[in-house]
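Peer 1: Here is my input, please return the structure:
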Amino acid sequence: NGTVVAGGNGKGDGLNQLNEPTYLFVDRDHSVYVSDNNNHRVMKWVEGAKEGIVVAEGHGEGSALTQLNHPHGIFVDTLGRLYVADMVNNRVMRWTQGATQGT
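Peer 2: Next up is the predicted model:
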C-alpha cells in the first residue's frame, strides 16, 4: 500500500495542498522537497508532517528574486542549498536555508 507523503488534500495553495507537483527530491533526513508548479513555489515536507513548509518563493508568479514562475527540477546539496530550475524565467535559482529570496 502507498503512503501520502506530501499534499493529498485536493488541488490548492494551502500548506497541506499542491497544485501540479512536478519534481521531487528526498534528502538524507527523508524530507521531501516538491516543486509545486502552478503555485510557483517549492515545498518541503518533513517526514510524518501533515503540512509542508514553503522553502522557495511563496510571493506569487513572477521574475523577481523572491519569485518563481513554474518551478521544475530541484536539487538540495549537502549544505542544504536548494537549486530550482525556474522554467518560464529561463534561469536556475539558488536558495539558502531560511532565505527570503534566491540568488
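Peer 1: Can you report how many residues neighbour residue 68?
Peer 2: Residue 68: 32 surrounding residues under other CB atoms under 10 Å. The way it works is simple: take the backbone N, C-alpha and C, and place the C-beta from them, glycine included.
Peer 1: Which strands or helices does the lowest-mean-pLDDT helix or strand in the chain pack on?
Peer 2: Among the helices and strands of the chain, strand 53-57 carries the lowest confidence by mean pLDDT, DSSP states H and E, at a mean of 92. With contacts taken as 3 or more CB pairs under 8 Å, 6 or more residues apart in numbering; DSSP states H and E, strand 53-57 sits against strand 41-45, strand 82-86, strand 91-95.
Peer 1: Give me the buried positions along the very next helix or strand once past that strand.
Peer 2: Downstream of strand 53-57, the first helix or strand assigned by DSSP states H and E is strand 71-76. Neighbour-count burial for strand 71-76 flags 71, 74, 76 (criterion: 16 or more other CB atoms under 10 Å).
Peer 1: that older thread, please list the residues outside the least confident helix or strand of the chain that contact it.
Peer 2: Strand 53-57 is contacted from outside by 15, 33, 40-46, 66-68, 71, 82, 84, 93, 95, 97, 102, using CB atoms under 8 Å, 6 or more residues apart in numbering.
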